[in-house]
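>>> Give me coordinates for this.
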Amino acid sequence: MLMGVRADGTEELIAMADGYRESAESWADLLRDCARRGTRAPVLAVGVGALGFWKVLAEVFPEARHQKCWVHKTANVVNALPKSAQPGARKVLQDIYNAEDREHALKAVTVFEHACGAK
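Next up is the predicted model:
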């Protein structure tokens, strides 16, 4: 399944097809069909795993920027920490995600490194 989010935050189903989620062939069929139907390249593609998706996205829509899903990335980082450090780490990771600009995000990254780096 391929979902889109418009600039105003409206979500929209773009395409759905049977396939194996890690399969480059399945993703190629879906993305090429979207391109044939006139779908423009996404400004930003966000996903989890699905290695076939990332490979084919670069072929079909090379101008699209890639980003791993922040929710899943955060869960992976937090799960690698001791239980006692997890609530504080979640808060600082949210500060990074919600930063108003790159400068503030980098400051929050430094806070995270000092708070959780050794853990």
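
>>> residues of the one helix or strand residue 73 maps to that come out buried?
Using DSSP states H and E, residue 73 falls within helix 70-79. By neighbour count on 16 or more other CB atoms under 10 Å, the buried set for helix 70-79 is 74, 78. From N, CA and C alone the C-beta is placed, and that goes for glycine too.

>>> which helices and strands does the helix or strand following it pack with?
Next along the chain after helix 70-79, taking DSSP H and E as the criterion, comes helix 86-97. For helix 86-97, the packing partners by 3 or more CB pairs under 8 Å, 6 or more residues apart in numbering; DSSP states H and E come out as helix 70-79, helix 102-116.

>>> lowest-confidence stretch among these?
With a mean of 88, helix 70-79 has the lowest mean pLDDT of the helices and strands packed on helix 86-97.

>>> Give me the pLDDT for the residue of the chain positioned farthest from its centre.
Within the chain, the residue lying farthest from the chain centre (CA atoms, centre = their mean) is residue 84, at 26.9 Å. Residue 84 carries a pLDDT value of 90.

>>> Give me the distance between it and residue 23.
In this view, residue 84 and residue 23 are 41 Å apart by CB to CB, to the nearest Å.
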